[in-house]
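[1] here is a sequence together with a model predicted from it:
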Amino acid sequence: AQSVAQPEDQVNVAEGNPLTVKCTYSVSGNPYLFWYVQYPNRGLQFLLKYITGDNLVKGSYGFEAEFNKSQTSFHLKKPSALVSDSALYFCAVRGLNAGNMLTFGGGTRLMVKP
Amino acid sequence: EAGVAQSPRYKIIEKRQSVAFWCNPISGHATLYWYQQILGQGPKLLIQFQNNGVVDDSQLPKDRFSAERLKGVDSTLKIQPAKLEDSAVYLCASSLPTRNEQFFGPGTRLTVL
């Protein structure tokens, strides 16, 4: 069975500082990994994905994520946080044999303070 | 490009009543998903359609939940009868068969009293 862990319920960061939102996963075979963001009363918006290739993936709104196979991690990062980045972030994984079924983590609330 | 549409946005019902949600995916997206997102948790897949066929419904509580996608486009998700623990946001998503990212609608927030 595939699973995702987001160990932090909330991450607080000052505007302009770098941010990291952590994600670890468990899956059979090579993973497909995703980050989504959810703003209040909105659906999830796709940020970025890792399928294969370069371990550093760049996505929307200046976000990037680093795939680390040995640590089974896929942490989301941004060099300089904005107040508008404050939202709920979800990591998701799909195994090779799982159709297109995504398993989501529990989410991490990012709070960026001015 | 228009996104995934869902209606209604909010619904409040009494337990044991029935409720239905509607989803219209992005044009051309053959794969459609229904997720349940309980407050404070990540979305959980209920059912996945490929065109009008069911690919995965292993997590759908079939004694009370049903879903259909008769013409391979729009889909409806029904709960009959509803329980208190069904209170959640029901998200619809769609994707192209050859792509991995899913695109989500705004969701329907269901409150069962």
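    In hand now; what should we look at? Residues are numbered from 1 along each chain as shown, chains lettered A, B, ... in the order given.
[2] please make it C-alpha for all contacts and neighbour counts, starting now.
    Fine.
[3] let me see the contact set for the residue of chain B found nearest chain A.
    Closest residue of chain B to chain A, CA to the nearest CA: B:Pro106 (4.0 Å). By CA atoms under 8 Å, 6 or more residues apart in numbering or on different chains, the residues touching B:Pro106 are A:Asn41, A:Arg42, A:Gly43, A:Leu44, B:Val4, B:Ala5, B:Gln6, B:Arg9, B:Leu91.
[4] quick one: which of those residues is most hemmed in?
    Ranked by neighbour count under the definition other CA atoms under 10 Å in any protein chain shown, those are headed by B:Leu91 with 27 neighbours.
[5] let me see the ranges of the strands in chain B.
    B:5-7, B:10-13, B:19-24, B:31-37, B:44-50, B:53-56, B:65-68, B:75-79, B:88-95, B:103-104, B:108-112 (DSSP state E).
[6] for the longest one, packing partners?
    Packed against strand B:88-95, as judged by 3 or more CA pairs under 8 Å, 6 or more residues apart in numbering or on different chains; DSSP states H and E, are the following elements: strand B:31-37, strand B:103-104, strand B:108-112.
[7] got those strands as JSON lines, with distance to A:Leu76 and mean neighbour count columns?
    Converted to JSON lines, these look like this (distance: least, CA to CA, whole Å; neighbours: other CA atoms under 10 Å in any protein chain shown):
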{"stretch": "strand B:31-37", "distance to A:Leu76": "22", "mean neighbour count": "25"}
{"stretch": "strand B:103-104", "distance to A:Leu76": "19", "mean neighbour count": "24"}
{"stretch": "strand B:108-112", "distance to A:Leu76": "28", "mean neighbour count": "20"}
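[8] who touches stretch A:75-84?
    With contacts defined as CA under 8 Å, 6+ apart, stretch A:75-84 is touched by A:13-24, A:35, A:62-67, A:111-114.
[9] those residues: which ones sit near chain B?
    Among those, proximity to chain B is found for none (CA under 8 Å from any CA of the partner chain).
[10] phi, psi of the residue in chain A positioned nearest to chain B?
    Using CA to the nearest CA, A:Gly43 is the residue of chain A that sits closest to chain B, at 4.0 Å. A:Gly43 adopts backbone torsions of phi -80, psi 180, taken as degrees, to the nearest 10.
[11] thought it was touching B:Leu91?
    Yes: under the criterion of CA atoms under 8 Å, A:Gly43 makes contact with B:Leu91 at 7.2 Å.
[12] so what's A:Glu15 up against?
    Contacts of A:Glu15 by CA under 8 Å, 6+ apart are A:Ser80, A:Ala81, A:Leu82, A:Val83, A:Val112, A:Lys113, A:Pro114.
[13] could you give me the average pLDDT of stretch B:84-100?
    Stretch B:84-100 comes out with an average pLDDT of 90.
[14] only the buried residues of that stretch, if you could.
    B:86-97, B:100 (16 or more other CA atoms under 10 Å in any protein chain shown).
[15] again with stretch B:46-56
    Here stretch B:46-56 shows B:Leu46, B:Ile47, B:Gln48, B:Phe49, B:Gln50, B:Asn51, B:Asn52, B:Val54, B:Val55, B:Asp56 as buried, counting by 16+ other CA under 10 Å.
[16] which ones are touching the residue lying closest to B:Ile47 once chain neighbours are set aside?
    Closest residue in space to B:Ile47, ignoring its immediate chain neighbours: B:Asp57 at 4.4 Å, by CA to CA, 6 or more residues apart in numbering or on different chains. Applying CA under 8 Å, 6+ apart to B:Asp57 gives the contacts B:Leu46, B:Ile47, B:Gln48.
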